[in-house]
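Asker: Sequence and predicted model, in that order:
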Amino acid sequence: MDFLQLVLKRQSVRSYTQEKIDKESILRCLEAARLTPSACNSQPWHFVVVDEPALLSEVAKAASDGGMNKFAKEAPVIVAVVLEKMNFIAKVGSLLKNKDYCMLDLGMAVEHFCLQAAEEGLGTCILGWFNEKKIAELLRVPKGKRIPLLIVMGHGNDQTRNKIRKSMDHVSSWNIYKHQQK
């Protein structure tokens, strides 16, 4: 698939069929994430794939914390993204430059995962609002580690929507910063 077509296809899906996901498709998504570049090749991520029905139900309930993300209960797979420690050089660079390389790296890995899922014909939705403590407990994530994101995935019921975005002039300029108002 042409890359821009893939970008247009990838969207946040909030309605899923009960169709199972082929394990090979999930493995290709994990491989796309694994191959993501990161600061000083730190690779500060760990993906926990949840597909066992009883555990999935509990994770989905924690993902629906406070009435948000109720659609998570429809998905056949939820992936917890665990933040791992950066290597020493990346950590020093992050501190010296006051940039959270770890979170930047994690965002790129998650998007690589989601783009591969779109290539596989799967829908995803990246969640930041959920009961992190409960999910960490359910997945036996060691204390002190964070789960900044979940990826809900499955065969989507949603039609591909037109993307409504700010204009090119609003989000970019050439050679100097020149911000256009809407």
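Answerer: Arrived safely.

Asker: hey, let's count contacts and neighbours off CA atoms from now on
Answerer: Fine.

Asker: Name the single longest strand found in the chain.
Answerer: In the chain, with assignment by DSSP state E, the single longest strand is strand 146-154.

Asker: mind listing the strands for this protein?
Answerer: So, for the chain - with DSSP E - the strands run 45-50, 77-83, 123-127, 146-154.

Asker: any chance of those strands in a markdown table, with mean pLDDT too?
Answerer: Compiled in a markdown table, those are given as follows (pLDDT from 0 to 100):
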| stretch | mean pLDDT |
| --- | --- |
| strand 45-50 | 98 |
| strand 77-83 | 98 |
| strand 123-127 | 98 |
| strand 146-154 | 98 |
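
Asker: between those, which one is nearest to residue 168?
Answerer: Among the strands of the chain, the nearest to residue 168 by C-alpha to C-alpha is strand 123-127 (24.5 Å).

Asker: picking that back up, and the strands of the chain: which comes nearest residue 17?
Answerer: strand 146-154 (7.1 Å).

Asker: got a list of what residue 135 touches?
Answerer: Going by C-alpha atoms under 8 Å, 6 or more residues apart in numbering, residue 135 touches 59, 62, 63.

Asker: got a list of what the residue nearest to residue 14 when sequence neighbours are not counted touches?
Answerer: For residue 14, ignoring the flanking residues on the chain, the nearest one in space by C-alpha to C-alpha, 6 or more residues apart in numbering is residue 71 at 5.7 Å. By C-alpha under 8 Å, 6+ apart, the contact list for residue 71 reads 14, 15, 16, 64.
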